[in-house]
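# Could you look at this predicted model? Sequence included:
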Amino acid sequence: MLDAALASLWLEVASASVTYAAAARVDTRLRSMEAQATTPDVPPVAGDMDIVPLLGLKLDDGNAVAQVEYSPRISFREATTNPRTEVQHVGRLSGDWRPQRGLTLHGTQEFVLGQVNLFTNLPLGGSLDDPDTALPGDTAGDIPIQPLPEGSDSVYFLSSLTTLAAETVWLGPGLRLSGSAGFSASGGLDAAAQEAVPFQYGPRAQAALGWAPAPRHTLATTVGFTNSRFSTGASAMVTTLTGAWTHRLDRRSSLEAGVGVGVAYS
């Protein structure tokens with residue numbers, strides 16, 4: 001029985017189209033410090049570099065498509081002032097399935113796991129002993145973006161988003177109905193990190209209705225809801241309602257106008 005199931009699975013995979021992807025991106029940023037520095041020991045230039053390799057696999061058999069991607073971000077921060085390295089693991093798993101004509105099911109799982117330094121580490125030249133040049137929050141040239149526990153400058157965090165969606169054109173010609181439901185979680189992984197970046201989690205949902213009364217005109221309305229709970233004990237709910245009109249001029253350009261309203265409670 002197991003051999004038959006494995007053989008069937010192998011035949012399914014062999015009949016599908018398999019695509020591999022490999023790429024790498026390098027981003028560099030340079031900032032002049034001459035306008036900010038007031039002491040000669042500050043380097044004239046501060047720079048960052050991000051290296052983002054990408055590995056991907058796509059499986060397509062016509063009615064179903066599955067894709068997985070892994071693209072870690074390796075960052076070298078403040079290379080000329082206070083060098084440090086940050087690594088963030090980024091992954092994405094997605095799938096589309098068309099069980100019937102006019103109906104598409106979609107699912108995604110995205111995550112980011114790594115560390116980030118919440119100090120700017122940009123020595124602006126101010127002196128802690130001189131109240132005329134010291135900046136608020138200065139501690140030996142480091143300006144914290146968020147309040148951090150004593151002796152800590154980096155936080156380990158997790159960001160995860162799971163989404164299930166469906167789209168159909170069964171309502172009639174020119175009508176398209178879609179809906180999605182998901183669950184998100186993000187924030188610091190340990191108690192020390194959560195003091196700076198509280199952990200938050202909660203569900204979210206969205207429904208959209210589109211209507212094309214003419215070939216180049218589209219009207220759409222969307223309702224969204226998000227409910228978040230925080231490790232601090234707080235909670236927040238956000239409801240949005242938007243409407244949009246789109247007119248396509250040609251294949252490369254279009255005009256769009258929209259209006260929306262949001263209500264938040266926390």
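Thanks, I have the structure now. In this text, all values refer to a predicted model and were calculated from it rather than measured experimentally.

# how distant is stretch 99-112 from the center of its chain?
Remark: stretch 99-112 is offset 18 Å from the chain centroid, using CA atoms, centre = their mean, to the nearest Å.

# and what of stretch 240-250?
24 Å.

# which of the residues in it are buried?
Using 16 or more other CB atoms under 10 Å as the test for burial, stretch 240-250 gives Ala244, Thr246. In this view, the C-beta of every residue, glycine as well, is placed from N, C-alpha and C.

# Quick one: mean pLDDT for it?
Confidence for stretch 240-250, expressed as mean pLDDT, is 94.

# do stretch 66-74 as well
Mean per-residue pLDDT for stretch 66-74: 94.

# contacts for it?
21, 50-59, 85-95, 114 (CB atoms under 8 Å, 6 or more residues apart in numbering).

# One more pass at 6 Å, please.
Stretch 66-74 is contacted by residues 50-52, 54-59, 87-95 when judged by CB atoms under 6 Å, 6 or more residues apart in numbering.

# Do I have it right that Val197 meets Gly187?
Yes: counting by CB atoms under 6 Å, Val197 touches Gly187, with 5.2 Å between them.

# hey, what's the closest residue to Ala165 other than its chain neighbours bridged with?
Distances taken as CB to CB, 6 or more residues apart in numbering put Ser180 closest to Ala165, at 3.7 Å, once the chain neighbours are dropped. Per DSSP bridges, the residues bridged to Ser180 are Ala165, Gln206.

# Which stretches in the stretch 1-150 of the chain count as strands?
17-32, 45-60, 64-70, 73-77, 84-100, 103-117 (DSSP state E, counting those that start in this stretch).

# Tell me how many other residues crowd the residue nearest to Gly91 when sequence neighbours are not counted.
With sequence-adjacent residues excluded and distances taken as CB to CB, 6+ apart, Gly91 is closest to Tyr70, at 5.0 Å. Neighbour count of Tyr70, defined by other CB atoms under 10 Å: 14.

# Please apply the same query to Asn117.
Using other CB under 10 Å: Asn117 sits among 19 other residues.

# do you know how far it is from Tyr70?
23 Å (CB to CB, to the nearest Å).

# List the beta-bridge partners for the residue nearest to Gly91.
For Tyr70, the beta-bridge partners are Leu55, Gly91 (DSSP bridges).
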